[in-house]
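Undergrad: Return a 3D structure for these sequence lines:
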Amino acid sequence: MAKREEKGLAIATPTVISALEILKAELMGLRAIAETQYKNSVNVQGFPVSINSCTDIVVLVKMHSSVSSKARAYNNSLIELGVKEAPVFKMNDTTVEDFEHNIKLRIAVIQHEDRKKELEELVKEGEAFLTKEDQYQIYLKKLQGRVGV
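TA: Numbering: from 1, shown residues only. Down below sits the predicted model:
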């Protein structure tokens, strides 16, 4: 990191390469979220849009509320009716846990989409500042990772 003097203080400023590495590392984390697989593509009964394509967090919360309240009602009915053994509650052959996984994942994808776009723009902008020497250093790092040079 380079240092610059500002009003008598030495402030560490990242190089273009290190700044890009930081941005790309965060981007990779966001991509990992977006690439996580949904448990299935089953729709929640009563909703016209699938979890995987929903873009409204409030609708996703309502989907979760619908599934979890039906599961609670099912479990309460088992207790009230004295049923000792019964299958686990499922809707469209999908467990509550799988619905929750899908809904939480979709919410994370929606919430991180804006940050992902911002980071991609910053990387593109930062790459414009790379010198030939910076580009060569990046190339050498890639070579080391691929062929052990």
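
Undergrad: What segments of this protein are strands?
TA: Along the chain, the stretches classed as strands by DSSP state E are 2-6, 9-13, 90-91, 94-95.

Undergrad: what's the third one in contact with?
TA: In other words, strand 90-91. 42, 44-45, 67, 70, 99 (CB atoms under 8 Å, 6 or more residues apart in numbering). (Glycine included, C-beta is placed from N, CA and C.)

Undergrad: Taking those, tell me the two that lie furthest apart.
TA: Farthest-apart pair in the contacts of strand 90-91 is 42 and 70; separation 13.9 Å (CB to CB).

Undergrad: quick check: longest helix of the protein.
TA: helix 96-127 (DSSP state H).

Undergrad: so who does the nearest residue to residue 94 once chain neighbours are set aside touch?
TA: Spatial nearest neighbour of residue 94, chain neighbours left out: residue 42 (4.6 Å); criterion: CB to CB, 6 or more residues apart in numbering. Residues in contact with residue 42 (CB under 8 Å, 6+ apart) are 50, 91-94, 99.

Undergrad: What is the nearest of those to residue 106?
TA: Among the contacts of residue 42, and counting by CB to CB, the member closest to residue 106 is residue 50, at 9.3 Å.
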